[in-house]
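Colleague: generate coordinates for the sequence data below:
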Amino acid sequence: MSEERTTRVKAEDVVIHETEKGRHVVINGMHIRLSQPFDLGIDWVGEGKSMNQMFACWYAPNEGDHPMSPRLVGKPGVGKTVMAYAVGKKLGRPIYFFQATSDTTPNDVLVSPIVVETGKDTSTVQYVASALVTAMIVGGVCVFDEGNRMQEKAWAALAPLLDSRRYVDCTNIGLFIQAHREFRYVATMNDDASCFELPEYIKSRLQPTILIENPTRAEERGILEVNLPTGDPVVLDYVADFLDLARQGDEDYSIRDGIHIANYACKLINYEDYCGRDMDPGEAVINAVEQILGVRQARYIKQIIWQERAA
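Modeller: Okay, here's the model as predicted:
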């Protein structure tokens with residue numbers, strides 16, 4: 001598409017229209033529907049070092065200063081997405097999530113034209129801004145989740161956004177968008193073998209790398225309580241102890257695994273109570289570990305319970 005046919009806009013100059021059907025903008029006669037922000041409804045529980053590093057990356061008090069675009073790296077389930085969300089909420093900005101996959105295309109990342117049937121023989125084209133472009137327009141935070149599951153062809157469209165230029169060029173619809181000054185970006189990435197290697201020109205832009213480690217036993221207990229506020233406290237204690245002991249045995253279970261175990265154990269207890277029967281919390285956790293992680297993995301929780309009863 002030629003330069004003359006490209007409409008250039010700054011996000012701060014775009015008027016956002018609110019209707020019953022949602023929000024949209026009109027640019028060069030095109031109605032572009034915006035994505036909706038998302039509220040996880042949970043708080044981050046963990047050490048403050050990583051959060052402070054995130055705040056530092058996004059701190060840009062001066063007009064000529066630009067926020068950085070960090071990447072959060074860690075094992076699946078350690079809380080990368082929740083931490084990014086928590087920092088965005090503390091900044092008072094709307095949070096938008098984009099889930100990257102191996103099938104993500106450049107249009108998916110930017111603005112997608114969609115053909116909508118308006119009658120038996122008629123149709124119209126509607127344009128839908130991705131969560132990323134919506135965050136750019138409204139000055140929100142985009143959490144680009146599991147970015148290293150996305151292939152290079154989609155990353156290429158984001159290269160000018162992730163450096164000091166801070167723009168995207170939607171060539172399929174002839175639209176050049178300069179990001180809002182308050183726009184912030186972070187990519188979360190899993191540290192496992194199932195992901196793609198980032199192209200060097202993207203890796204050099206997604207800086208710095210912030211490592212998210214497994215939480216401590218006390219932090220995990222707090223995370224379990226935040227995620228399962230009505231859970232049996234004894235079950236939550238057992239699960240926190242289980243995760244702590246398993247890691248000492250070089251097992252790599254995540255807090256997400258712990259949440260599933262505690263949730264299922266509490267459901268087992270509640271159902272047995274509903275049926276007029278009692279179930280020991282320790283037995284419930286053993287059953288949950290066996291069914292979620294495997295029979296062999298239950299040796300850690302059995303060891304904890306045996307030691308407790310022996311004492």
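Colleague: CA atoms for contacts and neighbours, from now on please.
Modeller: OK.
Colleague: quick one: the helices in the stretch 101-250 of the chain, in order.
Modeller: Taking DSSP state H, counting those that start in this stretch as the test, the helices found in the stretch 101-250 of the chain are 106-109, 131-138, 152-155, 200-203, 217-227, 233-248.
Colleague: Provide the secondary structure category for Tyr96.
Modeller: Under DSSP: H, G, I helix; E, B strand; the rest coil, Tyr96 falls in the strand class.
Colleague: among the helices of the stretch 101-250 of the chain, which comes closest to Asn52?
Modeller: Taking C-alpha to C-alpha, helix 217-227 is the member of these nearest to Asn52, at 17.0 Å.
Colleague: what sits up against stretch 196-209?
Modeller: Outside stretch 196-209, the residues within contact range by C-alpha atoms under 8 Å, 6 or more residues apart in numbering are 57, 68-73, 148-152, 155-156, 159, 162-163, 187.
Colleague: what stretches of the stretch 1-150 of the chain score poorly on pLDDT?
Modeller: Within the stretch 1-150 of the chain, the segments meeting pLDDT under 70 span 1-5, 47, 117-119.
Colleague: for it, which segments count as strands?
Modeller: 7-10, 16-19, 22-27, 30-33, 71-74, 95-99, 111-117, 123-129, 141-145 (DSSP state E, counting those that start in this stretch).
Colleague: returning to what we had before: of all the helices of the stretch 101-250 of the chain, which lies closest to Lys89?
Modeller: Distances from Lys89 to each of those were compared by C-alpha to C-alpha, and the smallest falls on helix 131-138, at 13.6 Å.
Colleague: could you tell me the angle between the closest one and strand 141-145?
Modeller: The directions of helix 131-138 and strand 141-145 differ by 170 degrees, with axes from the mean of the first three to the mean of the last three C-alpha atoms, to 10 degrees as the criterion.
Colleague: in terms of secondary structure, what does helix 131-138 contact?
Modeller: strand 95-99, helix 106-109, strand 141-145 (3 or more C-alpha pairs under 8 Å, 6 or more residues apart in numbering; DSSP states H and E).
Colleague: I'd like the distance between the most centrally placed residue in the chain and Asp145.
Modeller: What sits nearest the mean C-alpha location of the chain, by C-alpha atoms, centre = their mean, is Thr81, with 3.4 Å. With distances defined as C-alpha to C-alpha, to the nearest Å, the gap from Thr81 to Asp145 amounts to 7 Å.
Colleague: quick one on the thing from earlier: so the residue nearest to the centre of the chain makes contact with Met189?
Modeller: No - here Thr81 does not reach Met189: they are 9.4 Å apart, not a contact under C-alpha atoms under 8 Å.
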